[in-house]
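Engineer: coords please:
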Amino acid sequence: MSGFSHFDQAGNAAMVDVSDKAATARTATARVRVVMAPATLAMIQQGSAKKGDVLGVARLAGIMAAKRTSELIPLCHPLPISAVQVDLEADAAANAVEVSATVRTTGQTGVEMEALTAASVAALTVYDMCKAVDRAMRIDGLRVTHKDGGKSGAFSQD
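Structural biologist: Residues are numbered from 1 along each chain as shown. Below is the predicted model of the structure:
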């Protein structure tokens with residue numbers, strides 16, 4: 001299983017030992033898009049969804065999710081998160097809500113999984129709050145777009 005950090009010599013799943021790594025400032029950003037019908041996006045923008053403020057609730061859900069990542073992903077380290085920022089923006093041209101989640105910590109391992117979890121849960125919350133009016137919504141393109149800190153250095157893509 002060479003090349004995969006979460007397996008031991010025998011091929012068994014294992015948590016990565018980060019005890020020898022230096023604690024450094026680390027940041028990660030993840031993005032995802034929720035594509036929907038134009039009427040659904042208009043409902044979100046007007047604040048007329050029956051369940052309330054879709055973007056506000058999704059933002060809070062994403063922040064909460066980032067803090068609980070190690071409880072959801074079996075081999076993630078619990079991290080002292082310094083900051084979580086979840087932004088949701090309507091994109092009328094694409095009939096979508098764009099979600100961006102940035103997580104920061106000072107620690108021995110990165111926060112990519114926390115950023116991905118925050119973005120995912122925010123997108124799922126948008127879906128949940130709107131599914132009664134638009135069952136055809138889809139969640140597309142979950143990815144890490146930025147990572148900085150640690151031995152491997154910076155990474156960016158869009």
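
Engineer: tell me, how many neighbours does residue 132 end up with?
Structural biologist: Residues lying near residue 132 (other Cβ atoms under 10 Å) number 10. To be clear about C-beta, it is placed using only N, CA and C from the backbone, and glycine gets the same treatment.

Engineer: from what I can see it touches residue 43, true?
Structural biologist: No: using Cβ atoms under 8 Å, residue 132 is not in contact with residue 43, being 10.7 Å away.

Engineer: who's in contact with residue 21?
Structural biologist: Applying Cβ atoms under 8 Å, 6 or more residues apart in numbering to residue 21 gives the contacts 108, 109, 150, 151.

Engineer: which among these count as buried?
Structural biologist: Among the contacts of residue 21, those scoring as buried are 108, 109, 150 (criterion: 16 or more other Cβ atoms under 10 Å).

Engineer: out of these, who's nearest residue 116?
Structural biologist: Checking those against residue 116 with Cβ to Cβ, the nearest one is residue 109 at 14.1 Å.

Engineer: which SS class is that closest one?
Structural biologist: Following DSSP: H, G, I helix; E, B strand; the rest coil, we place residue 109 in the coil state.

Engineer: excluding its backbone neighbours, what's nearest it?
Structural biologist: residue 18 (4.9 Å; Cβ to Cβ, 6 or more residues apart in numbering).

Engineer: show the residue spans covered by the helices in the protein.
Structural biologist: Here the chain has its helices, by DSSP state H, at 38-46, 54-67, 69-72, 112-130.

Engineer: what's the third one packed up against?
Structural biologist: Contacts defined by 3 or more Cβ pairs under 8 Å, 6 or more residues apart in numbering; DSSP states H and E place helix 69-72 against helix 112-130.

Engineer: done for today, thanks.
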